[in-house]
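A.B. asks: coords below, sequence missing:
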C-alpha cells in the first residue's frame, strides 16, 4: 500500500511580497509575519535581520559586512495517499540560497531550517491535551509521534525529495524552557559554543522519532543556544556558509517570536535555564501576536484530525505498521 504514497514538492519565495498559500499553516513563522497591516514592513525587516546576521557571522573577506544576502524559499510537500490526485499538505520547511555579491554567484544554503507540520499540530494540540486530561501527570503514550516520524522519513526517502535536494535537512529551533543546559568546552568556528542537557525534551523526543539527533550550540554574539536537529554529521556534512544560513535565518525568527530568550539583554551563562518569563529583553520592530498563534494551533490540529487522520485512519495505520523507520542514535555530547 505504501507505493501509493506519493509526494509533490513546490516552492514559493519568501520576500516582502509573500502571501501565504491557502494550504500554509497560519501558525508557521513565515506565514504569521505576512498578515495584517504591517505585513510588508514585517517581511522587509525580518529579511534585513537575516542578511545582517549572515554577514556578521561570515565576516572573512567581508570588510563592509555587505558581501552576502540570503534568499529564502518556502518548501511545501503535499502527500497523495490513495494515488487519486487528492493531496494533504504534510510538511513545510525553508530553503536558503546565498547570494555572493563580490563573486556574483549563487550558493545553495540549508534545506530545513524551520519546520511546519499539520500532523504535529494534531499531535501537540489534540492528542497531548486529551491524553493529559484523562491521565494527568503521566508521560505521553509510547506511540506519540510515531506516524509523524514515519511520514517525515518517508518524505526524505522519496524520489520527489531526492530530485530536488542533495542533502538531508537541518532543523533549527528554540531550546526547551523545561530543561537546563550546561556549557561545554567544545567550540565550533561557526556554530559556536556547545551546550548539553541530560534529558530529551518532548520536542527532542518527537524529532528523534523523525530520525533526527539534536545538538545545542550558541553562535558568537547570540543570547542563547539553538537546538539543531539533523540525521548525519552536523559538523562535517555542511559547509560553513550553509550553517550560517541556518543560524541567521532561524535566530532572526526566534528573536521575533521568543525575544525573552533570543533577544535577551544578557547572554546565557555556563548553566542556562530558558524562560519566557524573563523580563530583561528587547523587542524587535516586527509585529507578532503570540497568543493568536497558540489559538490557531488548536484549530489546525482539529482540521488535521477531520481532513487527514480520521478519513484515512485505516490506511495510515496499515501503512505505518509496515514502514521501517530509521532510529536516530543520540549524538555524543562534549563534556
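C.D. replies: Received it, and whenever you're ready, just let me know what you need. Computed from a prediction, not measured in an experiment: that's the story for all the values here.

A.B. asks: the stretch 1-150 of the chain: helices as residue ranges?
C.D. replies: All helices of the stretch 1-150 of the chain, identified by DSSP state H, counting those that start in this stretch, fall at 29-33, 39-57, 118-122, 128-134, 146-156.

A.B. asks: right, and the ones you listed - which one's nearest residue 310?
C.D. replies: helix 118-122 (10.4 Å; CB to CB). In short, each C-beta sits where N, CA and C put it, glycine included.

A.B. asks: could you identify which of the helices of the stretch 1-150 of the chain has the lowest mean pLDDT?
C.D. replies: Mean pLDDT is lowest for helix 29-33 out of the helices of the stretch 1-150 of the chain, coming in at a mean of 56.

A.B. asks: about what we covered before: dump the helices of the stretch 1-150 of the chain into a markdown table; add distance to residue 299 and mean neighbour count as well.
C.D. replies: Shown next, in a markdown table, are those (distance: least, CB to CB, whole Å; neighbours: other CB atoms under 10 Å):
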| stretch | distance to residue 299 | mean neighbour count |
| --- | --- | --- |
| helix 29-33 | 14 | 24 |
| helix 39-57 | 20 | 19 |
| helix 118-122 | 9 | 24 |
| helix 128-134 | 13 | 12 |
| helix 146-156 | 18 | 21 |
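
A.B. asks: now the ones you listed in a markdown table, with distance to residue 261?
C.D. replies: Shown next, in a markdown table, are those (distance: least, CB to CB, whole Å):
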| stretch | distance to residue 261 |
| --- | --- |
| helix 29-33 | 15 |
| helix 39-57 | 16 |
| helix 118-122 | 21 |
| helix 128-134 | 22 |
| helix 146-156 | 25 |
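
A.B. asks: residue 108 is nearest to which of those helices?
C.D. replies: helix 39-57 (14.3 Å).

A.B. asks: contact partners of that closest one?
C.D. replies: Helix 39-57 is contacted from outside by 14-18, 33-34, 36, 62, 65-70, 72, 98, 190, 219-221, 244-245, 247-249, 251-253, 255-256, 284-288, using CB atoms under 8 Å, 6 or more residues apart in numbering.

A.B. asks: derive a PyMOL selection command for the buried subset of those.
C.D. replies: Selection of buried members from these for PyMOL, criterion 16 or more other CB atoms under 10 Å:
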select buried, resi 14+18+33+34+62+67+68+69+70+72+98+190+219+244+245+247+248+249+251+252+253+255+256+284+286+287+288
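
A.B. asks: so which of the contacts of helix 39-57 belong to strands?
C.D. replies: Taking DSSP state E as the definition of strands, those contribute 14, 68, 69, 70, 72, 98.

A.B. asks: pull the most distant pair out of those.
C.D. replies: Spatially, the most separated pair among the ones in strands among the contacts of helix 39-57 is 14 and 68, at 16.8 Å (CB to CB).

A.B. asks: doesn't residue 228 belong to a strand?
C.D. replies: Yes: counting by DSSP: H, G, I helix; E, B strand; the rest coil, residue 228 is part of a strand.

A.B. asks: that one reaches residue 214, doesn't it?
C.D. replies: Yes: if you go by CB atoms under 8 Å, residue 228 and residue 214 touch, sitting 6.7 Å apart.

A.B. asks: output the below-cut-off pLDDT ranges for the stretch 201-335 of the chain.
C.D. replies: Within the stretch 201-335 of the chain, the stretches with pLDDT under 70 are 287-294, 325-335.

A.B. asks: let's go with 80 and repeat that
C.D. replies: Flagging of the stretch 201-335 of the chain using pLDDT under 80 yields the residue ranges 285, 287-297, 325-335.

A.B. asks: mind listing the helices for it?
C.D. replies: Under DSSP H, counting those that start in this stretch, the stretch 201-335 of the chain gives helices at 202-208, 240-257, 259-262, 290-304, 313-321.

A.B. asks: and the longest one, how far out from the chain middle?
C.D. replies: What that stands for is helix 240-257. Computed by CA atoms, centre = their mean, to the nearest Å, the chain-centroid distance of helix 240-257 equals 11 Å.

A.B. asks: what packs against that helix?
C.D. replies: Counting contacts by 3 or more CB pairs under 8 Å, 6 or more residues apart in numbering; DSSP states H and E, helix 240-257 is packed against helix 29-33, helix 39-57, strand 68-80, strand 87-100, strand 105-116, strand 170-174, strand 226-230, helix 259-262.

A.B. asks: cool, and the last one?
C.D. replies: Using 3+ CB pairs under 8 Å, 6+ apart as the contact criterion, the elements in contact with helix 313-321 are helix 146-156.

A.B. asks: contacts for the helix it packs on, please.
C.D. replies: Counting by CB under 8 Å, 6+ apart, 2, 5, 7, 77, 79, 90-91, 117, 119-120, 123, 161, 168-169, 206, 208-211, 231, 316, 319-320, 323, 325-326 sit against helix 146-156.

A.B. asks: please indicate which of these are buried?
C.D. replies: The buried subset of the contacts of helix 146-156 (16+ other CB under 10 Å) comprises 5, 7, 77, 79, 90-91, 117, 119-120, 123, 161, 168-169, 206, 208-211, 231, 316, 319-320, 323.
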